[in-house]
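Asker: Task: produce atomic coordinates for the following.
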Amino acid sequence: MIPAPVFTQIAAALVLAVPATSPTATPTSALYAQIQQQEGHFHEGDLGRKYLLIEQNLKCDCGCNLDVHSCQFQMQCGTSPDWSQRVRRELEAGRTVDAIEAGFVADFGPTVLMSPPAEGFNLVGYLLPALAMVTAAMMVGLVVRGGSRHGTVELAASREVSDEEAERLRAAMKRLDESESPDW
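Answerer: Model prediction:
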C-alpha cells in the first residue's frame, strides 16, 4: 500500500506530465480564429445570407454529421473551414447557390447534402411518414366511429309499463337489495 503523501505526489506528477489538450487548443481552431480575426464575419447582408444557407445545406465530411457552419464552431475539424472558404470564394466570384451546391455534390456525392434530393428511393423517406400518419388517422377514425358499420341504429319504440309490470320490477329490486350484504 502506497502512503497517502507519496500517492498524492505521484498523481500530481502524472497530471503535470500529460499535456493538456482541448478542442480550442487545436491548430485547426487556432487557424480558424486567425482567419476570422483577419477577414471578419461574413454572415451579414444578401451575400452573407446565401453564405450561411449554403453552409447549413452542406454536411461536413469529417464524420460529425453536422452542417459545415455548426462544425466550424462545435467540432472545429480541418474540413469545415476549407469548405467554408471555398463557398465564400465561389459566392464572391458570382456563382449561384445551386451551382455551388452542385459543385460539392459533383466532388463529394449526394451524401454531402444535409437533406437528400427527392428522387428515386429517397422518395420513400419523404412519403412514408405522411402515409403512416394518414393510415393512423384512418384507424383512429374507425375506432372512434365504432368499427366499419355503415348505417344508423334504430331504437325500439318505448311503450307504457303496466301497473302489474311495475310492481314485479319493484319486487325484484327489493329482493336484490335484501340479498346484497353491506360492504362495510
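Asker: Nearest spatial neighbour of Asn65, chain-adjacent residues omitted?
Answerer: Lys59 (6.6 Å; Cβ to Cβ, 6 or more residues apart in numbering). Placement of C-beta: from N, CA and C, glycine included.
Asker: Pull the contacting residues for that neighbour.
Answerer: 65-68, 111-114 (Cβ atoms under 8 Å, 6 or more residues apart in numbering).
Asker: could those residues go into CSV alongside neighbour count, pLDDT and secondary structure?
Answerer: Listed next are the contacts of Lys59 as CSV, based on neighbours: other Cβ atoms under 10 Å; pLDDT from 0 to 100; DSSP: H, G, I helix; E, B strand; the rest coil:
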residue, neighbour count, pLDDT, secondary structure
Asn65, 11, 83, coil
Leu66, 19, 87, coil
Asp67, 18, 88, strand
Val68, 28, 87, helix
Thr111, 9, 84, helix
Val112, 18, 88, helix
Leu113, 15, 87, strand
Met114, 13, 85, coil
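Asker: Distance to Pro81 for the residues you listed - can I get that in TSV?
Answerer: Below are these laid out as TSV (distance: Cβ to Cβ, whole Å):
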residue	distance to Pro81
Asn65	18
Leu66	13
Asp67	14
Val68	9
Thr111	20
Val112	16
Leu113	20
Met114	18
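Asker: The residue nearest to Asn65 and Arg49, how far apart?
Answerer: The spacing between Lys59 and Arg49, counted by Cβ to Cβ, to the nearest Å, is 20 Å.
Asker: the bottom helix or strand of this structure by mean pLDDT?
Answerer: Lowest on mean pLDDT, DSSP states H and E among the helices and strands of the chain sits helix 27-39, with a mean of 48.
Asker: Could you pick out the longest helix of this protein?
Answerer: In the chain, assigned by DSSP state H, the helix with the most residues is helix 122-145.
Asker: What's the first helix or strand after that helix?
Answerer: Of the helices and strands lying after helix 122-145 in sequence (DSSP states H and E), the nearest is helix 163-179.
Asker: for that next one, which positions count as buried?
Answerer: By neighbour count with 16 or more other Cβ atoms under 10 Å, helix 163-179 contains no buried residues.
Asker: other SSEs contacting it?
Answerer: Helix 163-179 sits against no helix or strand, with contacts defined as 3 or more Cβ pairs under 8 Å, 6 or more residues apart in numbering; DSSP states H and E.
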